[in-house]
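Asker: Just a sequence and a predicted model for now, questions to come.
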Protein chains: 2
Amino acid sequence: MFSTEYDVIVVGGGHAGGEAAAAAANMGAHTLLITMSLQNIAQMSCNPAMGGIAKGQIVREIDALGGYSGIVTDETAIQFKMLNKSKGPAMWSPRAQSDRMRFAETWRNMLEQTKNVDFFQDMVKGLLFEGDKIVGVKTSLGIEIKSKTVILTAGTFLNGLIHIGNKTFGGGRAGESASIGITEDLVKVGFESGRMKTGTPPRVDGRSLDYSKMIEQPGDENPEKFSYLSLTKPLEKQRSCYMSYTSLEVHDLLRTGFDRSPMFNGRIQSIGPRYCPSIEDKIDRFATKERHQIFVEPEGWNTVEVYVNGFSTSLPEDVQDKALRKVAGFENVKFFRYGYAIEYDFFPPTQLTHTLETKLIKNLYFAGQINGTTGYEEAAAQGLMAGINAALNVQNRAPFILKRNEAYIGVLIDDLITKGTEEPYRMFTSRAEYRTLLRQDNADLRLTPMAFEIGLASKERMDRVIEKQEKTDLFVKYLIETSVTPKVINPILEENNTAKISQSMKMFKIAARPQLDFHDIQKIPSVANFILENNIDNEIIEQTEVHVKYAGYIEKEKNQADKLNRLENVSIPSNFDYTKVKSLSIEARQKLTKIKPITISQASRISGVSPSDISVLLVYMGR
Amino acid sequence: MFSTEYDVIVVGGGHAGGEAAAAAANMGAHTLLITMSLQNIAQMSCNPAMGGIAKGQIVREIDALGGYSGIVTDETAIQFKMLNKSKGPAMWSPRAQSDRMRFAETWRNMLEQTKNVDFFQDMVKGLLFEGDKIVGVKTSLGIEIKSKTVILTAGTFLNGLIHIGNKTFGGGRAGESASIGITEDLVKVGFESGRMKTGTPPRVDGRSLDYSKMIEQPGDENPEKFSYLSLTKPLEKQRSCYMSYTSLEVHDLLRTGFDRSPMFNGRIQSIGPRYCPSIEDKIDRFATKERHQIFVEPEGWNTVEVYVNGFSTSLPEDVQDKALRKVAGFENVKFFRYGYAIEYDFFPPTQLTHTLETKLIKNLYFAGQINGTTGYEEAAAQGLMAGINAALNVQNRAPFILKRNEAYIGVLIDDLITKGTEEPYRMFTSRAEYRTLLRQDNADLRLTPMAFEIGLASKERMDRVIEKQEKTDLFVKYLIETSVTPKVINPILEENNTAKISQSMKMFKIAARPQLDFHDIQKIPSVANFILENNIDNEIIEQTEVHVKYAGYIEKEKNQADKLNRLENVSIPSNFDYTKVKSLSIEARQKLTKIKPITISQASRISGVSPSDISVLLVYMGR
Ligand SMILES: Cc1cc2nc3c(=O)[nH]c(=O)nc-3n(C[C@H](O)[C@H](O)[C@H](O)COP(=O)(O)OP(=O)(O)OC[C@H]3O[C@@H](n4cnc5c(N)ncnc54)[C@H](O)[C@@H]3O)c2cc1C
Ligand SMILES: Cc1cc2nc3c(=O)[nH]c(=O)nc-3n(C[C@H](O)[C@H](O)[C@H](O)COP(=O)(O)OP(=O)(O)OC[C@H]3O[C@@H](n4cnc5c(N)ncnc54)[C@H](O)[C@@H]3O)c2cc1C
């Protein structure tokens, strides 16, 4: 049996579990991944896509740190788009559709190829504690497996309940069993648990749709990719998505099912994701809106199954059917599976520290949907961080924590553990204070050096970063130091409707003009020559362009972040007794006692903790 | 919803269901495949291999008829072997290991590419009858779907119960739910149901095995393939399997779990497959045997998961663990999943006619494991035949029935419906009276013309058969008519230690000598020339060789078969009243009344019906 004690046991092979196992193992920890079905590793429960606004940045960060999600997405992508390309680079967000089956297969293959990961198929039904420590798990076969640390990534499976209209089934995902026992064991030792819900749209037969009535949504003409490694290549061919719209008629038909909707008749009481609402939610909350977008997304290279994005629903199946048929292009739709909603247990994440370890039980980590988040990317990011920290913990090394100005992942985890969440939490760019710093194009520059230092990112990754940094610096320096004559540049300036110059000028200043982009700058023969001679590729040109054009913003955010970091550096002892600080407001005292922030900066982000409370604390910390 | 009435509904997307849906649809029937998980189409529940002795012949027959199993196996194979190559061609049996995940994916893709097949993911919970006819099904969502015919292929799922040691879970396969409702509905209308069991071995981590202690089992040097179509190609690279042995020590360790074995402590009472026994069965029944073979079979091209063939077991997991560790090479084995046994409902197949339609309910067909068989090949064959016959039924065309001298599939179905089965039925060459006729090399010649006639096999298939037949005839004729001189042939004869000739002789006679094979014959320059000129490929050379060498046997079996066919042609009216024939034995009267054979020949195969009973019947039929 399992005679050895593992360093890390990861419970659940979803996106969080996959990254957790990979990271822990790659950090040298002897890791066991236990999951209910080894055939469904990193299954995409819902949308067959990774990335998107803010989420794409997270995937880039995961990749920069040495996680697998970016590589798997690249290897299995069928379409790639850089969203928000018309806005500033802080907003650029990569998104890819993947082949659902290949995605899971590739994830599993990569994990299998990872040294130090063992696998076991079974359901974890209980947790083994010794005092305030976790020491292992117990499976449904009754097998006890010992481990120094345990990471729970059970996703939507804990006491999962599936709803369609009036019908309810136990399940963790359509066709898969729910998981029982873990919640109960955690509640017994004092954890607070809650209930959330999410939903998924129908899958239909692409052959039954009339695409001529929809608007084609092709991938980017020059697709990029997620991973910074040269291992993966951009797509050479892609599959298109299609767009259609609901209508008032569709909404009326949907309303005929509201009395049988588990959302409206009170059978589901838990809170769903506000920003990924069901179609019934949308027409209920935005009653005046005449139509909503529907995206038809293929589920893979060859399959005829398509995902009806925007039509998530748990209305009775006859209503789903009647209503969808009225959407242009869906007149003869054939359903493969109906949409459904699922309710599941989560654990308010304020019960965690920045490492994702629980405050109550040592060596126990939570990551993914179990923390009240939604989305593969958010789950994967947490998994990665929990995996890293569990390994560091076992190795008696300092924890690895990303700050809010270092990564979206830092924002994500700090938000979760500091503010908690009342509804399924997803990432937005607006949640980040320093989004000009946290760009998708520089996640490697920001994070790979740190990941390399702790031993996660490979030498190859680090070498690429060094080269990218050096060449970008070189190019920037060149532009700062080298002038261009009016004779050379004026025709280009004229062409772009921007003022000509009358005497030579440093190229940096020219290049910073908003009317010009770097295609124009490359027309300067000496620049073209420099690029050629120094072997500067597109990625470096893009990086340089961002530096030149956004230098001001970047500088400003850096200064703000530095200020914050000073507060960040004022740490609060973990045994600090807030009850004794009478000058704190009562609410602040309670919240601070519960959350136990580790720095003044974190304390300042807790809702209910006011600036004056912070001043009081600063005094106590000797500032 | 489902407003249209389908021609054929297939319940279950296993091997039987896949072939049934494909065949019905390719015959022009509007077909719906309903299955519990669209992600697990044609899942290999157990061994990741197709074919083997007698089973390989069935796969070739399925392919010759236009089924998909052969093509899918070829496309996903990782190793190919022609078993029994040292014996006569009647015994040659192709077998391939497949990549488990790719197998299911390819099956699904092929089905999706098939016109006339719709898909729906849901569990069928009830059957809709009108009088003595089936008219549709009802799903767990409560959806009623109408159909002219229904084919049930629910496999091991009906009230499935999984056992490991003392533990029991409901389930149709590890990690998948059991199916409820169908058995109950069938019993209500008068069907007899029974209970069977089967088991599966553990899956383990290939990285934890020491292959240097095992014997490598590579694939064939010149691998062949299953499909007669040129669509698929023989493998260019292959993965090896490995062999090891149990020992007395292993057996002793296994015995320590017998008191907790569901097989021995009475918790499982249903009967398992005699020829695919669990390891505990083997050491119990063959107590004196000192060791049993264990085959280590990879589960795919890249995965490290391996299948431990020969170690099927439902002993408690600690016993599985302890015992397997004592098998050479398994000292440090890590388990991915433990072995288990499963009990499920089946319906004694004597309740069916030769078309696999039930006698009790019109337009209802059963195929696969539900009929008490075991094995993907047996299931697929039945699915194909049920699919064909359901389509023919809807089209008011004559049924398609294969005779015992035409195909293993004919033997299979005739055995099932005539003799029934007390234990999971699997095919053996010994079950076929005419195995020299039913070879794997001529399934296309035997069956493709029939399948082409009913509109299932494609023109391409038929053209290939015509060419193969014509060229074989041409080559045989050439050998019969053309002589060879002593000068040319004697050196070859001498080389092979067979008597020289003194005057020219017809080549057919020379080629028939057992000491020579066709590599020798091809050394005759005129033969080599003939082969070149007529563009004769290896398949035709092989076919010709079989004809030349086994002409005598083949002739003999053909004559016997013809005799039998004469009895086969004496049909018995379906309303024939045996109770009035007092000269029949009581047992014969009962059995004949129950089985309702359609020919005298079928009657003669019913156990309990004696030759004298047959004579009596022949008189009644006017012979
Ligand atoms: C119906 C549905 C709709 C969704 N809709 C959206 C959406 O609209 N937008 C969005 O962003 N996200 C959506 N999601 C969420 C998205 O799927 C998750 O955010 C993401 O998959 C979470 O990843 P995870 O790793 O935390 O958990 P999961 O991907 O759920 O993986 C959990 C894993 O843990 C395993 N497991 C659970 N319990 C045990 C146990 N006791 N023992 C062993 N293994 C166990 C499971 O088998 C599974 O492999 C939806 C999910 C579902 C099910
Ligand atoms: C544990 C185990 C061990 C086995 N061991 C062996 C062995 O050693 N040797 C051997 O030859 N064979 C073995 N088999 C048998 C082999 O897997 C089957 O013979 C073969 O898969 C049967 O094919 P089938 O199409 O009849 O059913 P299955 O392959 O079982 O497929 C049945 C399908 O029907 C679906 N289904 C069931 N009920 C419903 C419903 N109500 N509504 C919708 N869909 C439904 C299921 O989801 C599934 O897709 C084993 C099977 C199992 C499970």
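Answerer: It's in. Ligands and ions are numbered 1, 2, ... in the order given.

Asker: Can you tell me the closest non-neighbouring residue to A:Glu493?
Answerer: For the record, residue A:493 is Leu, not Glu. Leaving aside its chain neighbours, A:Leu493 sits nearest to A:Lys500 (5.2 Å; criterion: Cβ to Cβ, 6 or more residues apart in numbering or on different chains). Any C-beta I mention is one placed from the backbone N, CA and C, and that applies to glycine too.

Asker: Wait, the one you found touches A:Ile492, no?
Answerer: No - with contact defined as Cβ atoms under 8 Å, A:Lys500 does not reach A:Ile492; the gap is 9.7 Å.

Asker: neighbour-wise, which of the two wins?
Answerer: Counted by other Cβ atoms under 10 Å in any protein chain shown, A:Lys500 and A:Ile492 do not tie: A:Ile492 has more neighbours, with 18 against 11.

Asker: what's the pLDDT at A:Pro87?
Answerer: In this structure residue A:87 is Lys, not Pro. A:Lys87 is assigned 88 on the pLDDT scale.

Asker: Helix, strand, or coil at it?
Answerer: coil (DSSP: H, G, I helix; E, B strand; the rest coil).

Asker: Tally up the residues packed near it, please.
Answerer: Counted with other Cβ under 10 Å, A:Lys87 comes out at 10.

Asker: So it versus B:Leu209, what's the distance?
Answerer: Distance of A:Lys87 to B:Leu209, computed by Cβ to Cβ, to the nearest Å: 54 Å.

Asker: could you measure the residue nearest to A:Leu493 against ligand 2, distance?
Answerer: Going from A:Lys500 to ligand 2 by Cβ to the nearest ligand atom, to the nearest Å gives 73 Å.

Asker: do the same with A:Lys419
Answerer: A:Lys419 is 44 Å from ligand 2, by Cβ to the nearest ligand atom.

Asker: List the backbone torsions phi and psi for the closest residue to A:Lys419 other than its chain neighbours.
Answerer: Leaving out its chain neighbours, the residue that sits closest to A:Lys419 by Cβ to Cβ, 6+ apart is A:Ser607, at 6.1 Å. With angles defined as degrees, to the nearest 10, A:Ser607 sits at phi -70, psi 130.

Asker: now swap in A:Val8 and tell me
Answerer: phi -140, psi 130.

Asker: tell me the contacts of it?
Answerer: A:20-21, A:24-25, A:29-32, A:147-151, A:387, A:390-391, A:394 (Cβ atoms under 8 Å, 6 or more residues apart in numbering or on different chains).

Asker: how about 6 Å then?
Answerer: A:24, A:29, A:31, A:149, A:390 (Cβ atoms under 6 Å, 6 or more residues apart in numbering or on different chains).

Asker: same question, A:Ser179
Answerer: Contacts of A:Ser179 by Cβ under 6 Å, 6+ apart are A:123, A:154, A:157-158, A:172.

Asker: ok, and the most crowded of these?
Answerer: Of all these, A:Ala154 has the most neighbours under the rule other Cβ under 10 Å, reaching 31 neighbours.

Asker: Let me know the distance separating that residue from A:Val527.
Answerer: 54 Å.

Asker: of all the contacts of A:Val8, which comes closest to A:Ala512?
Answerer: Of all the contacts of A:Val8, A:Ala512 sits closest to A:Ala24, with 44.8 Å by Cβ to Cβ.

Asker: Strands along the stretch 201-350 of chain A, start to end?
Answerer: In the stretch 201-350 of chain A, the strands defined using DSSP state E, counting those that start in this stretch lie at A:203-205, A:215-217, A:241-245, A:293-298, A:305-309, A:335-337, A:340-346.

Asker: Low-confidence stretches in chain A?
Answerer: The model of chain A has pLDDT under 70 over residues A:1.

Asker: Tell me which residue lies nearest the centroid of it.
Answerer: A:Glu377 (2.7 Å; Cα atoms, centre = their mean).

Asker: Check the stretch 401-550 of chain A for the residue nearest ligand 1 and tell me.
Answerer: Relative to ligand 1, the nearest point of the stretch 401-550 of chain A is A:Arg426 (6.0 Å; Cβ to the nearest ligand atom).

Asker: The stretch 1-150 of chain A too?
Answerer: Using Cβ to the nearest ligand atom, the closest approach of the stretch 1-150 of chain A to ligand 1 is made by A:Gly14 at 2.1 Å.

Asker: Closest residue of the stretch 451-600 of chain A to chain B?
Answerer: Nearest to chain B in the stretch 451-600 of chain A, going by Cβ to the nearest Cβ, is A:Ser458, at a distance of 20.7 Å.

Asker: Could you check how many residues crowd around the closest residue to that residue other than its chain neighbours?
Answerer: With sequence-adjacent residues excluded and distances taken as Cβ to Cβ, 6+ apart, A:Ser458 is closest to A:Gly66, at 6.7 Å. Using other Cβ under 10 Å, A:Gly66 has 25 neighbouring residues.
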